[in-house]
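# Need the 3D shape of this:
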Amino acid sequence: MRQTDFQGELEGLHAASFGWALWCCEQRREEAEEVLQTAYLKVMEGAARFDGRSSLRTWFFGVIRRTAGERRRRRWVRDQLLVRWFTREPASVPVPDPEAQASGSQSSRELRKALAALPARQQQVLHLVFYQDLTVEEASRVLNVSLGTARTHFARGKAQLRNLLARHHEEIA
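Numbers count the residues shown, from 1 in each chain. Prediction:
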């Protein structure tokens, strides 16, 4: 289908498309307008492509339905996050023990120094697992490496870190 014919048919479907967008957006006019505009943008930018397996109307209504669903999910997530944020309990701030704080900062410095001595990939996996609370599998996805590779770097990094810290403590003693 030629581009001019395609645009002409889409223009002819505008009223019906807006009615469908209104229905998909539970009669919220502003939301329906935004969904329809986003659907048109998807078509213009090539994110949604008509392949001719159905009628143009059926295809475009599907684009509108999916766009409305995406918007509904984003709104739901935003609303859930806002509810959690407004209903959360304020965190209590513990009074730091000066002695524990001094020794904690010393051990933190030792740990950071030992981590810096590791190869970059081992540092990254250990950081993601220990500081970002990711699983090794999630870390492998973040780093775009296989799970086996991430497990190997994790195990080797822990072993090397253990050795570096043990050597440091032997030097002090």
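# how about the strands of this structure, start to end?
Read by DSSP state E, the chain holds no strands at all.
# Run through the neighbouring helices and strands of the lengthiest helix in it.
As assigned by DSSP state H, the longest helix anywhere in the chain is helix 56-87. Applying 3 or more Cβ pairs under 8 Å, 6 or more residues apart in numbering; DSSP states H and E, one finds that helix 56-87 contacts helix 3-12, helix 14-24, helix 29-45. From N, CA and C alone the C-beta is placed, and that goes for glycine too.
# Need the contact partners of the longest one.
Contacts of helix 29-45 from elsewhere in the structure, counted by Cβ atoms under 8 Å, 6 or more residues apart in numbering, are 10, 17-18, 21-22, 24-25, 47-50, 60, 63-64, 67-68, 71.
# Show the buried residues in the residues you listed.
By neighbour count, with 16 or more other Cβ atoms under 10 Å, the contacts of helix 29-45 hold 10, 17-18, 21-22, 24-25, 48, 50, 60, 63-64, 67-68, 71 as buried.
# Distance check, the spatially most central residue of the chain against L134.
The C-alpha lying nearest the average C-alpha coordinate of the chain belongs to V142 (Cα atoms, centre = their mean; 10.4 Å). Taking Cβ to Cβ, to the nearest Å as the measure, V142 and L134 are separated by 7 Å.
# Spit out the residues that contact those two alike.
What both V142 and L134 touch, as defined by Cβ under 8 Å, 6+ apart, is the set L128.
# Can you report how many residues lie near Q106?
The tally of other residues near Q106 (other Cβ atoms under 10 Å) stands at 10.
# again, but for the one 3 residues further on
Burial of R109 is recorded as 10 neighbouring residues (other Cβ under 10 Å).
# which stretches of the protein aren't confidently modelled?
1-4, 89-105, 173 (pLDDT under 70).
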